[in-house]
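Asks: quick one, structure for this:
(chains A, B and C)
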Amino acid sequence: MATTAVDHAHSHAAAHGPPSGLWSWITTVDHKRIGILYGATAFVFFLMGGIEALLLRIQLGRPDNTFLSPELYNQLFTMHGTTMIFLAVMPLSAMFFNFFIPLLIGARDVAFPRLNAFSYWVFLLGGLFLNAGFLFGAAPNQGWFGYANLTSNQYSPGLNVDFWMLGLQILGIASLAAGVNFFVTVLNMRAPGMKLMRMPMFVWMSFITQVLILLAFPVITVALILLMFNRFFGTHFFVPTGGGDPLLWQHLFWIFGHPEVYILILPSFGIVSEILPVFSRKPLFGYAAMVFSGSFIAFLGFGVWSHHMFATGMGPIADTVFSLSTMLIAIPTGVKIFNWIGTIWGGSVQLRTPMYFALGFIAMFIMGGLSGVMHASPPADLQQTDTYFVVAHFHYVLFGGSIFALTGGAYYWWPKMFGRMLDETLGKVHFWLMLIGFNLTFFPMHIVGLLGMPRRVYTYPAGLGFEAYNQVETAGAFLLLLAFSVFIVNVLKTWRKPADAPADPWNGATLEWSIPSPPQEFNFGEVPTVHSRDPLWEEKRERGGQLPEPARVSGAGIHMPNPSFWPVLAACGVTAVFISLMMLPKLGPIGVVAAVLLLFVSVFNWAFEPA
Amino acid sequence: MDAHATTAPVSSPDHAHDHPGVGTYVKIGIVLFVLTFMEVAVYELGYNHAGAGFGALLHPVVVPVLMMLSAIKFALVAMFYMHLKQDSKLFSGVFVFPLIIAAVVIFSLILLFAYHYAFQKLIT
Amino acid sequence: MSHDTAHALEHDTSTGLDNRKLAIWTFIGSECLFFASLISTYLVYRGKSLVGPFPHEAWTSPAGRHFDPILEIKLVTVGTALLLFSSLFVVIGLNGAQRGNRGQLLAGLGATIVCGIFFVGMQVYEFTHFVHEGLKLQTNLFGASFFTLTGFHGTHVTIGVIWLSTVFILALRGKLPPKKALNLEMAALYWHFVDVVWIVIFPVVYLMK
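Replies: This next block holds a predicted model:
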C-alpha cells in the first residue's frame, strides 16, 4: 500500500485546476475534500438531530400533551442523542481533523489517504443505516446507551434495536480506521522542525482523541457483538434467566462511554486553544500544562466510568473509588480553564465572531463542569441521576462546550476552507441568539430536574410545578432554531461572493494561514521548516510586519496520491455485511458470505492498486 | 525514540540495530515449548494430583503460577519475535500502554463483579 | 509499478519509522482492548452457567444424561504448540526475506501457514465435537463466552492465514525482495499478536479451574 506515486496524469491536473464533478468527489483521497464531505454530511445530520429535539420540546411544552405518542417519543429521543453524538459532534470534529491536521503540521496529506476516504464513506453509510429505521417505522428507541435488558428480544422484539446495534458497529469501524490514520499522521508526517512540543494545540488534543478512540471503541464493539449474539443467536450474555447479568452491559458500555465524552470535548478544547491566542494576540498560556492536562484527562478518563452507575448498588468501595477519580479529573480540566483565561489576560482582545464563540464556550463549559462535579458525589448523584439535572449537565458541556467551539471553529476556519469570509454581523446575531436560546433551553433543566422531573418521559402531569420551566425550555429551543437559521442564511449569502478571501484574515500564528485560501491540492508549494510554536508570528516578527499574500504555484513535480474507487466499494462491502446480518432470517448465511466476499475483493484490489 | 533524522531515507526495514539470528529464534522457540509443557504440568499436578507431593504444593498457587508462565511467554514473543527489544521504543509504547489499560479493565471488572455476585448471594 | 522510486520517500517520516509498520502496531494496540473485553466477559461469567456441560467438571442433566468435563486439554495443547511454532517459523521466514534468502523465506512462511491451518482445523474439530456433545452457543454462559472468545480468536487466525498466504504467493512470484520485506513483517506482527492472545486464552480457558 504505497502512499505516493509518480503520476503524469496528476501533474496534468495540478496545472489545470482541481478536478470537478460527482465522480471526483466519490473517488477523492484529498484530505481537504474529505473534510468538507464530513462537514456537510455532519451538518445535515445535526439539523436532523435538531428537528428531533424540537419535536421533543413541542411535546414537553405542555403537560399531558398528545403531540407525540410515547412510542414515537422514545424513538425521537434515542435518535436525537445517537445522532448528535455519533453523526454530528464526532464528524464535525472529523471535518476539522481532516482539513486542518495536515495543514497545521505542514504535511501534504494524511498517512493513508485511501483509508481516510474509506472512513468517510463508512460514516455516511453507517449514518444512513442508523436512520433507515425511520423508513420501517422502527427507528431505534432504547436510548442512546441501549441498556440491557430492555434491548433483549423479549422486551424489544422489533427491528429498532437491530438498526441501532448494527448501525453503531458500522460507525465504529469508521472511527477506528480514522484513529489509526491520524495517530500515524501526527507522529510521522510533521514538517521538519515541528517537534511534538511545537505542534498546535488543536493537533495535540486531536491526537489524544485518536488514542481514546483506539482504546475505547473496541470495548463497545464487543458489547454490541454480545448484544447481537443475544438477539440473533439466542445467547444469554445479559439475560438473567440464562445466568447472565444486565450490569455487564452497563460496565462495558460505560468503559467506552466515558472516554467517548472526552472524545467529544477534547477537539473542542483544541479549537478554543487555537482561537483564543489569535484573537488575544498572545501565545497560548501554559502550553506544556495544556498538553499534560489533556493527556492526564484522557488517561484518567478510563478510570471513572462507573460514575454513570452510582444508582446500581456497586457498594461503598466502588462508589468511593469512582467518586474520587471523577473529582480528580476536574483538576486537569480546571488547569485548562485557567490557562485559557491566562491567554486572554493582558492580551489585545479582538472581539470577532470566532472569539465570541470561544468565550461563550469557556463560560458554558464551566457551568457544565460544575454540574458534572456535583454528580461526582454518589449521594448527591442519587437525587440527580435520571432527572433533568443530568440532561442540563451534559447539554452544557456538549452544546455549550462542543457545539459552541465547533461553531467558533467554523467561523475561524471558514475563509481557509472556502475562500470566503462569513458575515461578521450575522455571525454576532447568530452568537447572541444561540447563547440566549441555549441558556433558556437548558438552564431551567437544572431546576426542574432537582424538582423531580425524570428523564426520558414523554409527558408529565400538571400540578407538579414543571410546566413553566418546560415552556421556557421549549421557547428557548425555537430561539436556537432561529440562531441556526441565521447561520444558514450567512452561509448562503456569502457563498454567492467570489472565493477571494485573503490567506491570513485573522493574523494567525499557525501554518494553515501561510498558504492560499482555499489551499491548493498539494497544500504547500514547499514544505516549511518550523522553528517555533507560532511559526507565522515568528516569521512576521522577523519581517517586521504582515506577510505578502502567498501566490498559487504550479505544483509540478509534486506527487499526490491518485483518486481511488476501492475505498467506496470497501465501505459498501462493510455496510453490506451488516445489512446481510440484519437480513439473516430472510437471506440466511449466504447473504453474509456474499457481502464478506465483496469486502475481500475490494480490500485486495485496494492493496494491490498501483497507486 | 528512534534517533533517525526526518530526511534520512532507509532502503530496508528500519532495524539497522543487531537483529537476532535464526539460532536465537529457535532457542526462544524451544523455551516457549518448554514453558507450555510446564503450564500443562502445573495444571495436571495442581488439580489432578493435588493429594500429595508436588501437586499439593502447587494446588493453592496454580493460577498465579500459570499467569507468570504465560506472562513470560507473552514477553518472549513480544520482545524477540516481534522485535520490540531491538526496535524503536515507540513501538513498545504503542503496545504496552493499551496493555496497561486492558489490564486495568480486566481487573476492575473481576473485582466489581466479585463484589456484585457476593452481594447478590447475601441478599437472596 | 513505480513503487521503487517512491519508496525512498515513504521513509521520510518524523520518527524515521515506516508509516505502515507504525499503523500495524497501532492496530494491534487497539485490538488488545477488543480481546480484553472478550476475556473479561469470559472471566466474569466463569462458574455462572446455570446448566452444563461445564468446562472442568462433570454434570448430570435433570433428564439424567451424564456429561464429562468438556474441554480436551491434550488436543488444545498440541494446537497451542503449533501456534507457538508458527511464530517461530514466520520470524525465520522474515529473516530470510530480509537477507534475500528465498529458500528460507518460502520454507519459513510455508511452515507458518501449515501450522495455522492445522490450528484452525483443531478449533473446527473442537467446536463441532462440542456441539455434538451438547454444548452450543446458546446452551449456557460457558458455551456463549467460550465460543465467542475462541471463535473471534479463530477468525483472527483465519484472516492471518489468508494474509500470510497472499504474501506467500507474492514471494513465490519473486515479488518479495529484501526492500519489500516490510510487507511480510506487517503480516508477521499481526500473526504474532494473534499467537500472543492465544498465550493468554490457553491458561485462562483451559488450565484454570
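
Asks: going forward, measure contacts between C-alpha atoms and count neighbours the same way
Replies: Noted.

Asks: which residues in chain B form helices?
Replies: B:22-43, B:53-58, B:62-76, B:89-123 (DSSP state H).

Asks: would you turn those into a markdown table with mean pLDDT and distance to residue A:316?
Replies: Shown next, in a markdown table, are the helices of chain B (pLDDT from 0 to 100; distance: least, Cα to Cα, whole Å):
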| stretch | mean pLDDT | distance to residue A:316 |
| --- | --- | --- |
| helix B:22-43 | 96 | 37 |
| helix B:53-58 | 88 | 35 |
| helix B:62-76 | 96 | 28 |
| helix B:89-123 | 95 | 10 |
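
Asks: and the ones you listed: which comes nearest residue A:453?
Replies: helix B:89-123 (29.8 Å; Cα to Cα).

Asks: now for that closest one, which elements pack on it?
Replies: Counting contacts by 3 or more Cα pairs under 8 Å, 6 or more residues apart in numbering or on different chains; DSSP states H and E, helix B:89-123 packs against helix C:19-44.

Asks: tell me if the helix it packs on is near chain B.
Replies: Yes: if you take Cα under 8 Å from any Cα of the partner chain as the test, helix C:19-44 does meet chain B, through C:22, C:25-26, C:28-30, C:32-33, C:36-37, C:39-40, C:43-44.

Asks: can you redo the helices of chain B as TSV, where the extra columns are mean neighbour count?
Replies: TSV is the format used below for the helices of chain B (neighbours: other Cα atoms under 10 Å in any protein chain shown):
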stretch	mean neighbour count
helix B:22-43	18
helix B:53-58	16
helix B:62-76	18
helix B:89-123	16
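
Asks: now tabulate those helices in a markdown table and tack on distance to residue A:101.
Replies: Below are the helices of chain B laid out as a markdown table (distance: least, Cα to Cα, whole Å):
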| stretch | distance to residue A:101 |
| --- | --- |
| helix B:22-43 | 41 |
| helix B:53-58 | 56 |
| helix B:62-76 | 35 |
| helix B:89-123 | 21 |
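
Asks: mean confidence score for stretch A:493-511?
Replies: Averaged over stretch A:493-511, pLDDT sits at 96.

Asks: need the contact partners of it.
Replies: A:103-106, A:200, A:278-279, A:415-416, A:418-423, A:513-518, A:533-538, A:549-550 (Cα atoms under 8 Å, 6 or more residues apart in numbering or on different chains).

Asks: same question for stretch A:232-248.
Replies: Applying Cα under 8 Å, 6+ apart, the contact partners of stretch A:232-248 are A:147-149, A:152, A:226-227, A:229-230, A:249, C:41, C:45, C:48-50, C:137-141, C:144-145.

Asks: of these, buried ones?
Replies: Among the contacts of stretch A:232-248, those buried by neighbour count (16 or more other Cα atoms under 10 Å in any protein chain shown) are A:147-149, A:152, A:226-227, A:229-230, A:249, C:41, C:45, C:48-49, C:137-141, C:144-145.

Asks: which ones among those map onto helices?
Replies: A:226, A:227, A:229, A:230, A:249, C:41, C:141, C:144, C:145.

Asks: give the contact list for the third one.
Replies: Counting by Cα under 8 Å, 6+ apart, residue A:229 makes contact with residue A:235.

Asks: run the last query once more with 10 Å
Replies: A:223, A:235, A:236, A:237, C:137, C:138, C:144, C:148 (Cα atoms under 10 Å, 6 or more residues apart in numbering or on different chains).

Asks: next: the fifth one.
Replies: In this structure, residue A:249 makes contact with A:145-149, A:220, A:222-224, A:226-227, A:237-238, A:255, C:41, judged by Cα under 10 Å, 6+ apart.

Asks: so for it, what's the pLDDT?
Replies: 98.

Asks: which parts of the stretch 451-600 of chain A sit against chain B?
Replies: By the rule Cα under 10 Å from any Cα of the partner chain, no part of the stretch 451-600 of chain A lies against chain B.

Asks: any idea how far the residue of the stretch 451-600 of chain A found nearest chain C is from chain B?
Replies: Across the stretch 451-600 of chain A, no residue is closer to chain C than residue A:559, which sits at 9.2 Å (Cα to the nearest Cα). According to Cα to the nearest Cα, to the nearest Å, residue A:559 stands 17 Å off from chain B.
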